[in-house]
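> Kindly generate the corresponding structure for this input.
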Amino acid sequence: MAEPYHHVRFRLNGPLDLLRTKTMLSGSFRVTVRKAPHDPDGPVFQLMEKGEIKVEADTLSALLTPNQAVLFQKQAKPFTRLDLALRSEVAHLYEKMGTYRSAPIPEPSFEVEK
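Numbers count the residues shown, from 1 in each chain. Reported below is the predicted structural model:
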C-alpha cells in the first residue's frame, strides 16, 4: 500500500442532517463539529445547511458536509473493522461517487487488516 486512502462521495437527494448524523455516529466513532453552525455576525444557519463534522475510526477519517464526504487516511495502513464500518456508513449516507451528471470517481484500492 503506497498511498494513503482518499475518496470523495456525494449526496444528491437533498442535504444530510449533520446534527442527526453526529448523534447517530457518536456511539461507534469519534465525532467532532469542525465548523460552527452559524456566524454570529451574519445570518443564522442550521448545522444541516452549513457546517462540517469530522468522524474518526482507527486509521480512516471522514469530513462530512451536507452534500459531500471526504474519506481519508493520514498514513497508508490496512483498514480495521472499525474503518470498514465507517466506510460503509459513509457509502450509505452519500450514495453517489460523482457529482450530478459526471462520471463516477473510482474508489481507490485498500487493504484490510488480517
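> Any idea what the residue lying closest to residue 29 once chain neighbours are set aside is bridged to?
Taking CB to CB, 6 or more residues apart in numbering, and ignoring the residues beside it in sequence, residue 29 has residue 55 as its nearest neighbour in space, at 4.9 Å. From N, CA and C alone the C-beta is placed, and that goes for glycine too. In this structure, residue 55 has the following beta-bridge partners (DSSP bridges): residue 31, residue 62.
> quick one: least confident helix or strand in the protein?
Comparing every helix and strand of the chain by mean pLDDT, DSSP states H and E singles out strand 30-35 as the least confident one, with a mean of 85.
> The protein: strands as residue ranges?
With DSSP state E as the criterion, the chain has strands at 6-10, 30-35, 52-56, 61-64, 68-72.
> between the ones you listed, which gets nearest to residue 91?
Ranking these by proximity to residue 91 (CB to CB) places strand 6-10 first, at 6.7 Å.
> And the closest one, what's buried?
7-10 (16 or more other CB atoms under 10 Å).
> one step back: export the strands of the chain to a markdown table and tack on distance to residue 87?
Supplementary listing: those in a markdown table, determined by distance: least, CB to CB, whole Å:
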| stretch | distance to residue 87 |
| --- | --- |
| strand 6-10 | 8 |
| strand 30-35 | 15 |
| strand 52-56 | 11 |
| strand 61-64 | 8 |
| strand 68-72 | 6 |
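> Good, we can wrap up now.
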